[in-house]
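[1] need coordinates for the below:
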Amino acid sequence: MEGYALFEEKNTDVSVCEEIFVHGDIMDRALKKMPEDGILFELAELYKIFGDSTRIKILYLLFEEEMCVCDIAEALKMTVSAISHQLRILKNAKLIKFRKEGKSVIYSLADEHVVLILAQGMEHVTE
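    Below you'll find the predicted structure:
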């Protein structure tokens, strides 16, 4: 196995190798598979969207049922304006979609990927 030793202060907060040794072949294989910085930036931005509890609540409501803005606002005890702002962010991130039904605008999760992200996240935090 190719590699080289590094000398570094020991950090007692996390488990580390007794001897710092970089495995060059492993590192090279991993780096070859690493997506471009732009893609990783987009992924980080996507996960930031999930970092807001109001947006998570909206997504979870839409995970269960398609809803209009008024219903979401009432369910979360927030103003229609505040919910509309969050819906805009979710729509721009391609996490939700909408359709018009008469005078109502009905929101739903954008696709099965969003359903899976929410389901797996919920499974992870409740296990």
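[2] quick one: the helices in the chain?
    24-33, 37-49, 53-64, 69-76, 80-92, 112-126 (DSSP state H).
[3] low-confidence ranges, this structure, go.
    1-12 (pLDDT under 70).
[4] mind listing what's buried in stretch 37-46?
    By neighbour count on 16 or more other C-beta atoms under 10 Å, the buried set for stretch 37-46 is empty. C-beta here means a position set from N, CA and C on the backbone, and glycine is covered the same way.
[5] residues in contact with it: which ones?
    34-35, 93 (C-beta atoms under 8 Å, 6 or more residues apart in numbering).
[6] please check those and keep the buried ones.
    Ala93.
[7] dump the contacts of stretch 37-46 to TSV, plus distance to Ser84.
    Shown next, in TSV, are those (distance: C-beta to C-beta, whole Å):
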residue	distance to Ser84
Met34	38
Pro35	33
Ala93	15
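[8] closest one to Asp13 out of the contacts of stretch 37-46, please.
    Met34 (26.0 Å; C-beta to C-beta).
[9] state the phi and psi torsions of the closest one.
    Main-chain torsions, Met34, degrees, to the nearest 10: phi -70, psi 130.
[10] one more: Glu65?
    phi -150, psi 150.
[11] gap between it and Ile106?
    10 Å (C-beta to C-beta, to the nearest Å).
[12] quick one, which of these two is more surrounded?
    Neighbour totals were compared for Glu65 and Ile106, and Ile106 leads with 17 against 12 (other C-beta atoms under 10 Å).
[13] show me what the more buried one bridges to in the sheet.
    Cys68, Arg99 (DSSP bridges).
[14] can you tell me which residues contact it?
    By C-beta under 8 Å, 6+ apart, the neighbours of Ile106 are 66-68, 98-100.
[15] need the max-distance pair from those.
    Spanning the widest gap among those are Met67 and Lys100, at 14.0 Å by C-beta to C-beta.
[16] which one's more surrounded, these two?
    Met67 (20 against 8).
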